[in-house]
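*Asks:* coords please:
(chains A and B)
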Amino acid sequence: MSFLELKNITKIYPNGTKAVDETSLNVEDGEFVVFVGPSGCGKSTLLRMIAGLEDITGGEISLDGVIINNIDPSERDVAMVFQNYALYPHMTVFNNMAYGLKNRGISKDKINSKVNDAAKLLEIDQLLDRKPSMLSGGQRQRVAMGRAIVRNPKIFLFDEPLSNLDAKLRNQMRLEIKKLQRQMDVTSIFVTHDQTEAMTLGDRIVVINDGIVEQVGTPKEIYSNPNTKFVAEFIGSPQMNLFDCSIKNGIAKIGEAQVNLDNLININDASIGIRPDDIQITDSGKFESKANLVEYLGSDMIIYSSIGGQDFSCKLSSKIDVKAGDNFKFDITPSSIHVFDNNTNKKV
Amino acid sequence: MIRYIPSTINHLILLIGLTIMIVPVWVIFASSTHTSLFINTNGLQFSLGDNFIENYSRVLFKKAGFFNEITVLKMFFNSFVMATGIATLSVVTSLMAAYGLVYFRIKYASFIFWLIFVTLLVPLELRVMPTYIVISKLNLLNSFAGLIIPISASAIATFFFRQFYKSIPEELLEAAKLDGTNSWKFFIDFLVPLSKTMIAAVFIFMFVFGYNQYLWPLIMTTTEEYWTVVMGLKTMYGSISHRFAFVIMSMIPPLVIIIFLQKWFIQGIFQNK
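*Replies:* Numbering: from 1, shown residues only, chains lettered A, B, ... in the order given. Predicted structure coming up:
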């Protein structure tokens, strides 16, 4: 039995909206799982159901062998970090962190030592007397984490905790969260809409779309072997190029261009997906196109172009000399091509 | 040089306003320190006289009223109890009513709220007969409870607290829930301290409102034992300088409350945090 088990979890709001549909998922002890998906896909709802802040319409959640569907949030032994941190504005940092412990009737000395330990770990020990309004965004973030840590919960839940920080701080906090999770070895679930965060943080990623789990896997699996068109497009930056085409005997026709595939399949209405970095520019390339726009990113650059009337991008080393308006030749390795059936949106 | 002109004008306007408000009070105060005979012969005074202590102590401690049963000091005590009671009860009832309306899934909560709000259209003066009957049936005539209870629920305060609670982010409640609060603890540990400034504002408002009550105490008290300052002012006879002294003293309690709580009062009124 897994540490956290979701069985056919469904959430239907009173107005009839189905936010989560028959979702099942197992999370192992100590694992860091990331829920990722576009906004409104149900990932936060799923997290809130685990926390107990949202009623479960159907299905079963068990944590550490106990079914927690009807257990009060305070008794589930979960800790959550909210998007806006939800710090208690009228309490000092110390009291913010100690409040949950006080409610559990823990002795004063123990509270003191626990809070001080957590504060030291998060390097906020000199801020304990301040109120949240006197802290910077990053410090507030740490306090919110501290509040979760002191409780020693069975599971950490993070609801997009980095989205209010600026880019630099976000990267830094991302690393710290990862480090902290490793150090404390607490099962964690992290919700985000940012695929970079998902890829870098998670032991496993759960890609959710429209209340349905599209794919579960390690970051590598998800990136190199997306099961559906949605996952293919959502994970990876810049996103995967998808070309609508028809495939006959293993040859995909995109307008005039013909792309050879690995296997001899026939699909009338298909998409082939190629990652921007799987396109090689060579003078001996089979295909030719015009660069409409070139984005220079330092070590890399991205060329925006189109073939057979369909736009695509390729990412390559900026050492190659292609300017906007230039024609360039390129090749695609058949093994790097992902084929999707447009009727099912699934990988073939 | 130019940039000083607007602030000079602002200050001038403020000074004029201040003068208009202060001068009558000063005239009353100055006149209250003279003997009545002196005022009657020489008119109102701008300068201080020598009878301050004599006049004020006489007013405070001498028995007055129709039947000479009550001192002004007792009237102050009555007014203070009444105003404090009304302010305290108003704060408590409206805090709790707003809490119930905002945080509990009550059916027709907004209808109930508007029902409460509509009572603003029915001030005590309109419902004085039924209120009197209720209070007399409860045997509360001539008591502090009778003075306080009919005026101790405030729709406007409920409205203020409700709006404030609605502006508190949902996550705060959720975080508190995960930290193991129950509904009572959330009220005491979160809502009350967060609305501290607002409580001060409502308290001042209701204190002054309670202190200024005239009709209700007049109707429901039959013995002079429960007379209040405002009633005393209306029914006061005697020499002119004593009356002036009473007027000046009657201004002190609300003034003291405002001076002490004004910082919070202003924060509470302009609270948007």
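*Asks:* How about the residues of the stretch 151-273 of chain B by chain A?
*Replies:* Counting by Cβ under 8 Å from any Cβ of the partner chain, the stretch 151-273 of chain B comes close to chain A at B:169, B:171-172, B:174-181, B:185, B:189-190, B:193-194, B:196, B:273. Every C-beta, even on glycine, is put in place using the N, C-alpha and C of the backbone.
*Asks:* how about a cut-off of 6 Å?
*Replies:* B:171-172, B:174-175, B:177-180, B:193-194 (Cβ under 6 Å from any Cβ of the partner chain).
*Asks:* Just the buried residues from those, in ChimeraX please.
*Replies:* This is how ChimeraX selects the buried members of these, with burial counted by 16 or more other Cβ atoms under 10 Å in any protein chain shown:
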select /B:171,172,174,175,177,178,179,180,194
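*Asks:* which among the residues of the stretch 151-273 of chain B next to chain A gets closest to B:L101?
*Replies:* Using Cβ to Cβ, B:L194 is the member of these that lies nearest B:L101, at 16.5 Å.
*Asks:* Please tell me how far the spatially closest residue to that closest one that is not a sequence neighbour sits from B:M249.
*Replies:* Distances taken as Cβ to Cβ, 6 or more residues apart in numbering or on different chains put A:H90 closest to B:L194, at 5.5 Å, once the chain neighbours are dropped. The gap separating A:H90 from B:M249 is 38 Å, by Cβ to Cβ, to the nearest Å.
*Asks:* related to what we said a few turns ago, among the residues of the stretch 151-273 of chain B next to chain A, which are located in strands?
*Replies:* Per DSSP state E, strands hold no members of those.
*Asks:* Which ones among the residues of the stretch 151-273 of chain B next to chain A lie within helices?
*Replies:* B:171-172, B:174-175, B:177-178, B:193-194 (DSSP state H).
*Asks:* Helix, strand or coil: sort out B:L12 for me.
*Replies:* helix (DSSP: H, G, I helix; E, B strand; the rest coil).
*Asks:* quick one, longest helix in the chain?
*Replies:* No chain in the question, so chain A it is. helix A:167-184.
*Asks:* was after chain B, sorry
*Replies:* With secondary structure taken from DSSP H, chain B has its longest helix at helix B:72-103.
*Asks:* C-terminal to that one, what's the next element?
*Replies:* helix B:109-118 (DSSP states H and E).
*Asks:* ok and that next one relative to helix B:72-103, angle-wise?
*Replies:* Inter-element angle recorded for helix B:109-118 and helix B:72-103: 160 degrees (by axes from the mean of the first three to the mean of the last three Cα atoms, to 10 degrees).
*Asks:* residues making contact with helix B:109-118?
*Replies:* By Cβ atoms under 6 Å, 6 or more residues apart in numbering or on different chains, the list of residues contacting helix B:109-118 from outside reads B:101, B:155, B:158.
*Asks:* got it, and stretch B:170-185?
*Replies:* Contacts for stretch B:170-185 (Cβ under 6 Å, 6+ apart): A:53, A:73-74, A:80, A:82, A:84, A:86, A:99-100, A:103-104, B:186.
*Asks:* Can you name the two of those that sit furthest apart?
*Replies:* A:N84 and A:R104 (24.6 Å).
*Asks:* Look at those two and report which has more neighbours.
*Replies:* Set side by side, A:N84 and A:R104 show more neighbours around A:N84, with 17 against 12, by other Cβ atoms under 10 Å in any protein chain shown.
*Asks:* now the more buried one, what's its secondary structure?
*Replies:* coil.
*Asks:* Apart from its neighbours in sequence, what residue is nearest it?
*Replies:* B:E171 (6.0 Å).
*Asks:* again with A:E160
*Replies:* Using Cβ to Cβ, 6+ apart, the closest residue to A:E160 is A:Q83 (4.6 Å).
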